[in-house]
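1. I'll drop the sequence and a predicted model, then ask my questions.
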Amino acid sequence: MSPTQSQGKPECLDEIREKVLECCKCPLCKVRTKPVPGEGYGKVMFVGEAPGREEDLEGRPFVGRAGKLLRDKLKEIGFEDVYITNVVKCRPPNNRTPHKEEVEACKPYLEEEICCLKPELVVALGKTAAKALLGFEAPMKELRGKVRVVKVRDCTVRVLVTYHPAAILRKKSLLKEFVFDLKKAYSLVYKQGKLF
Ligand code: SF4
């Protein structure tokens, strides 16, 4: 993170990071290499599902192939100040979908991150993030591209759902909608301003 990005960063983000680094609230702590706390600071929060192999080795979110795709697109569109995290902060074996109990154990960190950062927009990347943030499941074609207002503890946030970048790597035809959604996120935050 550059010094400019960290200007004004609330201390609570560092406190959450410290808690994640020491956490063993679910069985994933026994199989992870490194826990992966969120990183960055800014008006927009991107939330993925869980760390993959590269993230587990480096202890940083979205640093593998899917992460590169996301970070490249954010740069192309012009995002400068973002916070990136996952619903579950430790890698599930073989990148399986996190179990319900793992999500329940880890979700309080995501809630704390949201209430600490108070982002102007949260972008949920994929079904697991969408379910954790919206509280319900639906097909991605119904969820994506729409902005919903969600209550997280005492905080109110706007949530926009789009595909997980790993889904784009598997199915290139989704790239156009993914980029469309990211541009919508940019426009909501940088052109229309604060809602609350
Ligand atoms: S996945 Fe979350 S709850 Fe489980 S050990 Fe890692 S940080 Fe703790």
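-> Noted; the coordinates are in hand.
2. the strands in the protein, which residues?
-> 39-40, 44-48, 82-86, 121-125, 147-152, 155-162 (DSSP state E).
3. of these, which approaches the ligand most closely?
-> Nearest of the strands of the chain to the ligand, taken as Cβ to the nearest ligand atom: strand 82-86 at 8.9 Å. From N, CA and C alone the C-beta is placed, and that goes for glycine too.
4. Identify each buried residue in that closest one, please.
-> Of all the residues in strand 82-86, those buried under the rule 16 or more other Cβ atoms under 10 Å are 82-86.
5. can you redo the strands of the chain as JSON lines with mean pLDDT?
-> Formatted as JSON lines, those follow (pLDDT from 0 to 100):
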{"stretch": "strand 39-40", "mean pLDDT": "97"}
{"stretch": "strand 44-48", "mean pLDDT": "98"}
{"stretch": "strand 82-86", "mean pLDDT": "98"}
{"stretch": "strand 121-125", "mean pLDDT": "98"}
{"stretch": "strand 147-152", "mean pLDDT": "96"}
{"stretch": "strand 155-162", "mean pLDDT": "97"}
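6. In TSV: the buried residues of strand 82-86, plus distance to Leu143.
-> Below are the buried residues of strand 82-86 laid out as TSV (distance: Cβ to Cβ, whole Å):
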residue	distance to Leu143
Val82	21
Tyr83	21
Ile84	20
Thr85	19
Asn86	18
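7. Which members of those are the farthest-apart pair?
-> Maximum pairwise distance in those, criterion Cβ to Cβ, is 13.9 Å, between Val82 and Asn86.
8. Which neighbours do these two have in common?
-> Overlap of the contact sets of Val82 and Asn86 (by Cβ atoms under 8 Å, 6 or more residues apart in numbering) is empty.
9. Tell me who's in contact with Ala185.
-> Residues near Ala185 by Cβ under 8 Å, 6+ apart: 44, 121, 123, 160, 162.
10. So the third one sits against Tyr163, correct?
-> Right, the one you point to is Val123. No - the pair Val123 / Tyr163 is not scored as a contact, 10.6 Å apart, by Cβ atoms under 8 Å.
11. joint contacts of these two?
-> Asp181.
12. the more surrounded of these two?
-> The neighbour comparison of Val123 against Tyr163 (other Cβ atoms under 10 Å) goes to Val123, with 29 against 20.
13. check contacts around the more buried one.
-> Shown here is Val123, whose contacts under the criterion Cβ under 8 Å, 6+ apart are 44-47, 159-162, 181-182, 185.
14. Could you give the bridge partners of it?
-> Phe46, Leu160 (DSSP bridges).
15. does the ligand sit close to the longest helix along the chain?
-> Using DSSP state H to define each element, the chain has its longest helix at helix 100-117. Yes - judged by Cβ under 6 Å from any ligand atom, helix 100-117 and the ligand are in contact via 102, 105-106.
16. buried ones in that helix?
-> Of the residues in helix 100-117, those buried (16+ other Cβ under 10 Å) are 102-103, 105-106, 109-114, 116-117.
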